[in-house]
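# whatever this is, show me its structure:
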Amino acid sequence: MTRKIVFKGILAAATLVTLHSGAQAGGLERGGYNIDLLFDPSTVAIESTTTYVAPQRKLKNARDNNPLDGTGSNGIGGGSTTADDTEGYWAPRIGIKGAIGDSVDCMFDYSQPWGAHAKPGRNWVGANNNTETKIESDNYAATCSYRFDVGPGQLRLIGGAFYQEVSGFKERLVAPAGFSGVLGNGIGRLDLEGNGWGWRTGVAYEIPEYALRASLVYNSEVNLDNITGTVNLSQVNGAVIPVYGSQKTPDSLELKLQSGIAPDWLAFGSVKWTDWSQLQKIPFCAVGTSSCSLSNAVTSLELGYRDGWTITGGIGHKFNEQWSGAVSITWDRGTSQGFGTQTDTWLLGAGVGYQPSKNVEIRLSGAIGILTGGSSGSVTLDGVSYGGDVSYSFKDDLVAAVSTSLKVRF
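Below is the predicted model:
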């Protein structure tokens, strides 16, 4: 028990470093899933965390591959060959954990696991592909564990469920203002929303006196089989078309390891797989259509992702009874396959934890990283074409993140 208390501050700083290090992962990941609060040794613990991420992806050498599809010098989208593609975002999380007797712990939390915000604007030559896309999510979860003695430590069985809401929109140039029949600025907009349930299961083994913990947690996909929305062409031809579709959010599997390596020193790491390859070209069809496919879709979202891998490693140190710190490095494999900007990301993170009393912890961490360069253009994946309307390149760009956290124990 003594060693468990000694390492507690280090674990807090390490947790926050790894949390924000995953905030710029591939696909549509923002906060992702995190159940570290479940392992807090207190009877009751409440934690609130906020992460801000500022990616700086800049598109260059853009070329309209088909000038007949809506761009041109006489309307929106006929201008710049460069664009600032990404927008900064917040990833909040709040949770409460309670112990039930000596063996059961339960956690309830709210988070925003998925999201995206690309806004290259209306005055670049790729406006017929995208002027603004935004995706948001809300996740409400309950997770419990049962632990019992096995050998020198404790084995913990983990299970839970979560309810997820996903919404968003995409705007792009359909036909430029001034073309025959165009009623306004020529921008079309797709609005969508859906919801569904998921579940998680896992196992962990802990030896508190050595600050050793190994956990393996699987999070299921969420079947958004009731996505509804509209294709708004009121600025093009006056039409507003109700649409529907379906899509599954990715399932994931994460292995986390940590162990004391010397007095007041801790090593930690994780490996995570995420099934982003589920997100390819997603069709949306007019309400009333008997079945929805790419062949009868009103419009579609083009993603063309491959599976994601995220690997993190780091070291934490307890300086004294109040202060601890940690550093980490993270590699995230890009999910794009020649279409889009989701290339490999490298992040260097550092965090500090301050514990003014045994009941309160305050943590601050930051990260700086590189979004590796590449290009996007026309590709064919599994017989389906992507990126035929615009091509562009991008160099290595910076991403920065900062996280703050407050934990109160009872």
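# please name the residues that touch the closest residue to Gly88 other than its chain neighbours.
Using Cβ to Cβ, 6 or more residues apart in numbering and skipping residues adjacent in sequence, the residue nearest Gly88 is Ala54, 4.2 Å away. Heads up, the C-betas are built off the backbone N, CA and C, glycines and all. Ala54 makes contacts with 88, 399-401, as judged by Cβ atoms under 8 Å, 6 or more residues apart in numbering.
# now Thr341
Applying Cβ under 8 Å, 6+ apart to Thr341 gives the contacts 57, 59, 85, 371, 374, 376, 394.
# Three-state assignment for it, please.
With DSSP: H, G, I helix; E, B strand; the rest coil as the basis, Thr341 sits in coil.
# can you tell me how far it sits from Trp90?
To Trp90, Thr341 is 21 Å away according to Cβ to Cβ, to the nearest Å.
# can you list the low-confidence ranges for the chain?
Low-confidence segments of the chain (pLDDT under 70): 1-24, 67-78.
# and for it, the residue most distant from the center?
Note on the chain: the largest C-alpha distance from the chain mean falls to Ser180, namely 41.5 Å (Cα atoms, centre = their mean).
# over to that one: give its phi and psi.
Backbone torsions for Ser180, taken as degrees, to the nearest 10, come to phi -60, psi 130.
# swap in Leu183?
phi -90, psi -30.
# that one contacts Ala239, correct?
No: judged on Cβ atoms under 8 Å, Leu183 makes no contact with Ala239 at a distance of 9.9 Å.
# what's the closest non-adjacent residue to Lys256?
With sequence-adjacent residues excluded and distances taken as Cβ to Cβ, 6+ apart, Lys256 is closest to Ser270, at 4.4 Å.
# which residues in the stretch 51-200 of the chain form strands?
With DSSP state E, counting those that start in this stretch as the criterion, the stretch 51-200 of the chain has strands at 58-64, 83-84, 89-100, 104-111, 116-118, 132-150, 153-173, 187-207.
# can you list those in CSV and add mean neighbour count and distance to Thr43?
Below are the strands of the stretch 51-200 of the chain laid out as CSV (neighbours: other Cβ atoms under 10 Å; distance: least, Cβ to Cβ, whole Å):
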stretch, mean neighbour count, distance to Thr43
strand 58-64, 17, 50
strand 83-84, 19, 48
strand 89-100, 18, 5
strand 104-111, 19, 10
strand 116-118, 19, 39
strand 132-150, 17, 14
strand 153-173, 19, 17
strand 187-207, 19, 17
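# and the helices in the chain?
Ranges of helices in the chain, per DSSP state H, are 2-21.
# coming back round to it: ok, the contacts of Thr341 vs Glu171, which is closest?
Asp85 (14.2 Å; Cβ to Cβ).
# show me what contacts the closest one?
By Cβ under 8 Å, 6+ apart, the neighbours of Asp85 are 57-59, 118-120, 341, 394.
# redo that, cut-off 7 Å
Applying Cβ atoms under 7 Å, 6 or more residues apart in numbering to Asp85 gives the contacts 57-59, 118, 120, 341.
# before we move on, what about Leu224?
Residues in contact with Leu224 (Cβ under 7 Å, 6+ apart) are 166, 194-196, 246-249.
# ok, 6 Å please
194, 196, 247 (Cβ atoms under 6 Å, 6 or more residues apart in numbering).
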